[in-house]
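In: below is the sequence, then the predicted model.
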Amino acid sequence: MPETDEHRRERFRKQRAGYDAARAEMRGRLLAVAIPLARDQGYQWITRQMVATAAGVSLGSVNNCFGTMLELKRAVMRWAVENGDGKLIAQGLANDSPITANIDPGLREKAAEVIAAP
């Protein structure tokens, strides 16, 4: 019996859901590696290759999950803002990250303290 369009769409939907879940998991794994790299090496200095090597994955995995280096850095900075990471926010402010442009004044103050600390 031939497969109907409805069955084909359902099969594709399930395949896509599995792909999206795996991609989200890999994205989270890469972000978990990129955050400490950005804190230690400097937000502006992280590269796809650094993240791929530290995560033990191919460069293609980083490209597939984030597309561009800008998107990876945006994800790192978004995490920093959402989690109040003053050190990363300070680096983002110093590098004019668009994610830090409209951050909460309390986070901006925390970042200023990080910048001013000896």
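Out: Arrived safely.
In: was I right to think residue 57 contacts residue 30?
Out: Yes - using CB atoms under 8 Å, residue 57 is in contact with residue 30, at 7.3 Å. No exception for glycine: its C-beta is placed from N, CA and C like everyone else's.
In: higher neighbour count, the two?
Out: Neighbours of residue 57 and residue 30, each counted by other CB atoms under 10 Å, are more numerous for residue 30; the result is 23 against 17.
In: that one: which element?
Out: Applying DSSP states H and E as the criterion places residue 30 in helix 5-41.
In: wait, residue 43 sits on residue 92?
Out: Yes - here residue 43 reaches residue 92: they are 6.0 Å apart, a contact under CB under 8 Å.
In: please identify which of the two sits among more neighbours.
Out: Ranked by neighbour count (other CB under 10 Å), residue 43 and residue 92 place residue 92 first, with 27 against 24.
In: could you check how many residues crowd around the residue lying closest to that one once chain neighbours are set aside?
Out: Residue nearest to residue 92 in three dimensions, not counting chain neighbours: residue 100, with 4.1 Å by CB to CB, 6 or more residues apart in numbering. Around residue 100 there are 22 other residues, counting by other CB under 10 Å.
In: residues contacting residue 100?
Out: Contacts for residue 100 (CB atoms under 8 Å, 6 or more residues apart in numbering) come out as 77, 81, 89, 92, 93, 108, 111.
In: mind picking the two most distant members of the residues you listed?
Out: Taking CB to CB as the measure, these span a maximum distance of 13.3 Å, between 77 and 108.
In: can you list residues touching both of those two?
Out: Common neighbours of residue 77 and residue 108, using CB under 8 Å, 6+ apart, are 89, 100.
In: list residues touching both of residue 43 and residue 92?
Out: By CB under 8 Å, 6+ apart, the residues touching both residue 43 and residue 92 are residue 77.
In: returning to that earlier point: which one of the contacts of residue 100 is nearest residue 49?
Out: residue 77 (19.7 Å).
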